[in-house]
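Undergrad: Mind looking at a prediction? Sequence and model below.
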Amino acid sequence: MDFEKVLGIIIKRFDEEKVRYGLIGGFAIGALGISRSTVDLDFLVNKDDLKKIEQVLKAVGYESVFKSENVAQYISPVKIMGEVDFLLAFRGPSLRMLEKTINIDIFDGKYKIKVVRPEDIIGLKLQALVNDPERQEREYADIEAVMKQYTKQLDWMIIEEYFETFNKQDKYSELKRKYYAD
């Protein structure tokens, strides 16, 4: 996947269409300055913007391969365009994540992209590992990388709420002891 090409197209069109989005997943972790390989793009988007998103993607050749109440997945037959996945925000916590995205320069300042905050990346990673326990090792590695990189800037109360939501208080205590900066 040619991330620079794809993001250049998608971001411009999303901004023109006023799509409410935040980059999540592996590329978002990379945008936050943490080395992480990935093969696709993942976005959190307002569910009410899905029709606009579909128009943008179909205009550049993507095909819908899966859609549910919670997610939508698109793949391009052109290999360099790759796969783009969307987590659909329609509940309070995920809608608040979209309201608090941060703008980050990518590709040496060529583009500015909205990324969910590090605390929210952690919350989404927790949700992913609860939904699929086989992903636990990878998701916790990402969580720890974010904690290590942003330890002094993190709002630990928000992170604690996420761990409580997913009944992972013991893991939260362990990680806070390891990464919390007084």
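TA: Arrived safely.

Undergrad: mind listing what Leu129 touches?
TA: Contacts were defined as Cβ atoms under 8 Å, 6 or more residues apart in numbering; by that measure Leu129 touches Arg135, Gln136, Glu139, Tyr140. No exception for glycine: its C-beta is placed from N, CA and C like everyone else's.

Undergrad: Where does it fall, secondary structure wise?
TA: Secondary-structure element containing Leu129, defined by DSSP states H and E: helix 118-131.

Undergrad: Pull out the buried residues from that helix.
TA: Burial within helix 118-131, assessed by neighbour count using 16 or more other Cβ atoms under 10 Å, is assigned to Pro118, Glu119, Asp120, Ile121, Ile122, Gly123, Leu124, Lys125, Leu126, Gln127, Ala128, Leu129.

Undergrad: Same check on stretch 63-82?
TA: Going by neighbour count (16+ other Cβ under 10 Å), the buried part of stretch 63-82 is Ala72, Gln73, Tyr74, Ile75, Ser76, Met81, Gly82.

Undergrad: looking at it, the third one is touching Tyr62, isn't it?
TA: Yes: counting by Cβ atoms under 8 Å, Tyr74 does reach Tyr62; the two are 4.1 Å apart.

Undergrad: hmm, back to that, which helix or strand lies directly C-terminal to the helix holding Leu129?
TA: Read in the C-terminal direction, the helix or strand following helix 118-131 is helix 136-150, with elements assigned using DSSP H and E.

Undergrad: Show me what that following helix is packed against.
TA: For helix 136-150, the packing partners by 3 or more Cβ pairs under 8 Å, 6 or more residues apart in numbering; DSSP states H and E come out as helix 25-31, helix 118-131, helix 169-179.

Undergrad: next one: the shortest one to chain centre, how far?
TA: To tie it back to what came earlier, the one meant is helix 25-31. In terms of Cα atoms, centre = their mean, to the nearest Å, the centre of helix 25-31 is found 7 Å from the chain centre.

Undergrad: List the strands paired with the very next helix or strand once past that helix, with their directions.
TA: Next in sequence after helix 25-31, counting helices and strands by DSSP H and E, comes strand 41-46. Partner strands and pairing direction for strand 41-46 (DSSP bridges) are strand 21-24 (antiparallel), strand 83-89 (parallel).

Undergrad: most packed of the ones you listed?
TA: strand 21-24 (a mean of 26; mean count of other Cβ atoms under 10 Å).
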